[in-house]
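**Student:** Curious how this folds, go ahead:
(one chain, ligands or ions: 1)
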Amino acid sequence: MRTITHTAERRTLDGTPASELHFCHNRREYTPGVAAVSTTPSPGPTALPAPLSAGEPDAATLASTAEQTAGALLAPAAPHRLADVVPAPQQVQPDPTADWTLPAEAVIVSSADPAALAVAEQLAQLLRPATGYPLPVTDATTPEPAGGIALVLDGSADLGAEGYRLDIATDGVNVTASTAAGLFHGIQTLRQLLPAAIESSTPVTERWVLPGGTITDAPRFPYRGAMLDVARHFFAVEDVLRVVDHLARYKLNHLHLHLTDDQGWRIAVDSWPKLTSIGGTTEVGGGPGGHYTKADYARIVSYAAARHITVVPEIDLPGHTNSALVAYPELAPDKIAPPPYTGTEVGFSYVDPADERTYDFVADVLGEVAALTPGPWLHIGGDEAFKVKGEVYTGFVERVQRIVADLGKTVVGWHQLAPAAHLDGRVLQWWGTNGEDPTTVDAVRRGARLIVSPGNHAYLDMKYAPDTPIGHDWAGLIDVRKAYDWDPGTHVAGVPTEAVLGVEAPLWTESVISLADIELLLLPRLPAIAELGWSPRASHDWADFRDRLAGQGPRWTTAGITFHRAPEIHWPTTPIIPTQPNPAVPSQDNTTREGANRI
Ligand code: TNX
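**Tutor:** Okay, here's the model as predicted:
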């Protein structure tokens, strides 16, 4: 395990004042993983105590074993409440007389549309490992549950682009939606309503009870995202796919990848190959870096698309470009290659806005990235370019915005883009820490829409508490309540809710080097941001959210996912999951049992 030390002090190399940098002095050391005291124990279900050996068990052991075994056999299954879902659904109508238990012989029947069938197969794949049931998927013109689960794609259902209805009744379960995305969100809800043991990767004995009733659900905002900075530290494709899985659970629909920064260039560009062969070989702290080949990136994009998540690639310009300048010094203002940069300062680098070759570079890079990206967005960064000021900055941005538009994509950029001229559809990602921002309000008046990512609420690289082993605190500490208690619709004073496209939680990775580090900072705050993006404002209620969030803990534990055991959440005990001797013949008697294994 690498131990790295770096400073999180935010100052440009030439001493730009801290006030401009929104970052405070903070020096520390950490050993990722080792210090992650709050991570979960080892994954997977916990077996019942081993059978007593021929030795001499003492009376207490015998008694406790007997009690646990009896409990496992006799305790009634406790179905979740229909409302125990994160993010909170729009409408919940419980029917306690209509609880339904998934039978071993259940069939998943789906509308014949290939996209609906794909969701049906995803549902089967979610449910098969823990249940051990075969759960065959079939198609039908008018799917009916027939004792199983039906996924109904109904264009006339009036459930919107991402909404769904989930009906749980004694004769089976129906998920109805107008789109495959809606069906996909519906099965995430269904998954959360099953016992936590459903997250086990091996068969367990459980009564797979769903609480009866109807949920009708749709998102508040069309854009709900998270950002992963793969530039400060590089993360393997598999790690990114796992982050996609976390987004999907909580109905987020955008993954923003911060692909380039001073410390590394992470996406292959055929026309400028040294961007990765030279610029991709560094990262914060001196590690080896890395980059995505076009095939790697395509894999991320298609894995995300299969989960109804759109990838938003970011090429940060004109600042945050040291890695490009190392590879191609002709892009540098002084035409001299700077040394590779592995620290964590910002604001010192920029591509030369006065050189036409810079615009060729931008057009080539954005063209190749656009060609790889089916989604509508191209994020052009624009933050912290402290050395490119005033008209030179806005002139550069306006040219780059036009390049993006000519590629048929929609511009997204950090809110520093605000002073540049408006371009149809453009989106500003607001990361301020103070909701008074007249420049952004003016850009909105000129037509810009906002993705809201307040540094002091939504920045997942901020520490939870002073003793969080990794992370920053320049925007303050962000505990779960701080992540939850704000409203994206009204946060920036003077910006009407209609101009808010949605919300995003960025994870910068100066101090994040492993998947466990990512998960520690993501969970449990990501679900808080997801709820702000999805749930109706009227359902906003900290105490209620806190209780629903607590129920996610045993799921993460069972799935082997690291999370921060935030002290303000009353995490329940994790069930002991009896192993199932013969997955093909599930017992209806055995149930999970709570009590012994704390998260
Ligand atoms: C600010 S927010 C940055 C990033 C840093 C981050 C650390 C923004 C657009 N830029 O360059 O990684 O703070 O929290």
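
**Student:** for Ile215, helix, strand, or coil?
**Tutor:** strand (DSSP: H, G, I helix; E, B strand; the rest coil).

**Student:** For the residue in the stretch 201-350 of the chain positioned nearest to the ligand, give its distance to Phe386.
**Tutor:** In the stretch 201-350 of the chain, no residue comes nearer to the ligand than Val346, which is 5.1 Å away by Cβ to the nearest ligand atom. Where you see a C-beta, it was placed from the backbone N, CA and C, and this is true even at glycine. Distance, Val346 to Phe386, by Cβ to Cβ, to the nearest Å: 8 Å.

**Student:** Looking at those two, which is more packed in?
**Tutor:** Val346 (23 against 20; other Cβ atoms under 10 Å).

**Student:** For Val326, see how far away the more buried one is.
**Tutor:** 16 Å.

**Student:** ditto for Ala295
**Tutor:** From Ala295 to Val326 the distance is 25 Å (Cβ to Cβ).

**Student:** Just want to know which of these two has more residues nearby.
**Tutor:** The residue with more neighbours, out of Ala295 and Val326, is Val326; 25 against 10, by other Cβ under 10 Å.

**Student:** Give me the pLDDT for that one.
**Tutor:** At Val326, the predicted lDDT confidence score is 98.

**Student:** and the strand or helix carrying it, which residues are buried?
**Tutor:** Using DSSP states H and E, Val326 falls within helix 322-327. By neighbour count on 16 or more other Cβ atoms under 10 Å, the buried set for helix 322-327 is 322-327.

**Student:** and of those, the nearest to Pro288?
**Tutor:** Ser323 (13.6 Å; Cβ to Cβ).

**Student:** and the closest one, what is it in contact with?
**Tutor:** Applying Cβ atoms under 8 Å, 6 or more residues apart in numbering to Ser323 gives the contacts 231, 260-265, 275, 279-280, 282, 340-341.

**Student:** among the residues you listed, which two are most distant?
**Tutor:** Of all pairs in the contacts of Ser323, the most separated under Cβ to Cβ is Leu275 and Tyr341 at 14.8 Å.

**Student:** neighbour count winner among these two?
**Tutor:** Taking neighbours as other Cβ under 10 Å, Leu275 and Tyr341 compare with Leu275 leading, 27 against 21.

**Student:** The protein against the ligand: which residues are in contact?
**Tutor:** Along the chain, the residues adjacent to the ligand under the rule Cβ under 6 Å from any ligand atom are 346, 383-384, 414, 431, 459, 461, 472, 508, 510.

**Student:** Let's see that with 8 Å instead.
**Tutor:** Counting by Cβ under 8 Å from any ligand atom, the chain comes close to the ligand at 8, 10, 22-23, 229, 232, 261, 320, 344, 346, 381, 383-384, 414, 416, 429, 431, 453, 455, 459, 461-462, 472, 474-475, 506, 508-510.

**Student:** quick one: the strands in the stretch 351-500 of the chain?
**Tutor:** Remark: strands assigned in the stretch 351-500 of the chain by DSSP state E, counting those that start in this stretch are 377-381, 410-414, 427-430, 449-452, 500-507.

**Student:** Sorry, wrong one. I was asking about the stretch 201-350 of the chain.
**Tutor:** 209-210, 213-217, 223-229, 254-258, 260-261, 264-265, 310-317.

**Student:** of all the ones you listed, which lies closest to Pro536?
**Tutor:** strand 213-217 (9.7 Å).

**Student:** Which secondary structure elements does the closest one sit against?
**Tutor:** Applying 3 or more Cβ pairs under 8 Å, 6 or more residues apart in numbering; DSSP states H and E, one finds that strand 213-217 makes contact with strand 91-94, strand 164-169, helix 180-193.

**Student:** Quick one: mean pLDDT over that strand.
**Tutor:** pLDDT averaged over strand 213-217 gives 98.

**Student:** who touches that strand?
**Tutor:** 82, 85, 89-96, 98, 159, 163-168, 185-186, 189.

**Student:** From the residues you listed, list the buried ones, please.
**Tutor:** 82, 85, 89-90, 92, 94, 98, 159, 163-168, 185-186, 189.

**Student:** Confirm for me that the residue of the stretch 201-350 of the chain closest to the ligand is in contact with Gln263.
**Tutor:** No - between Val346 and Gln263 there is no contact under Cβ atoms under 8 Å: 10.5 Å.

**Student:** where along the stretch 351-500 of the chain do the helices fall?
**Tutor:** All helices of the stretch 351-500 of the chain, identified by DSSP state H, counting those that start in this stretch, fall at 356-372, 390-406, 438-445, 455-458, 480-484.

**Student:** so the first one versus helix 390-406, what angle?
**Tutor:** Read that as helix 356-372. Interaxial angle, helix 356-372 versus helix 390-406 (axes from the mean of the first three to the mean of the last three Cα atoms, to 10 degrees): 40 degrees.

**Student:** what's the distance between helix 356-372 and the middle of its chain?
**Tutor:** Put simply, helix 356-372 sits 28 Å off its chain's centre (Cα atoms, centre = their mean, to the nearest Å).

**Student:** ditto for the fourth one
**Tutor:** If you compare the mean C-alpha spot of helix 455-458 with that of the full chain, they lie 15 Å apart, counting by Cα atoms, centre = their mean.

**Student:** by contact count, what packs against it?
**Tutor:** helix 480-484, strand 500-507.

**Student:** Other residues contacting that helix?
**Tutor:** By Cβ under 8 Å, 6+ apart, helix 455-458 touches 22, 431-433, 452, 462, 474-476, 478, 482-483, 485-486, 491, 503-506, 529.

**Student:** for stretch 286-301, same thing?
**Tutor:** 2, 4, 230, 233-234, 236-237, 240-241, 244, 255, 257, 259, 263-268, 270, 276, 280-283, 311, 313, 342, 372-375, 513.

**Student:** Check which residues of that stretch are buried.
**Tutor:** 287, 289-292, 296-297, 299-301.

**Student:** How about stretch 168-186?
**Tutor:** For stretch 168-186, by 16+ other Cβ under 10 Å, it's 168-169, 172-186.

**Student:** how long is that stretch end to end?
**Tutor:** 12 Å (Cα to Cα, to the nearest Å).

**Student:** go on, stretch 362-382?
**Tutor:** Calculated as Cα to Cα, the first-to-last residue distance of stretch 362-382 is 13 Å.
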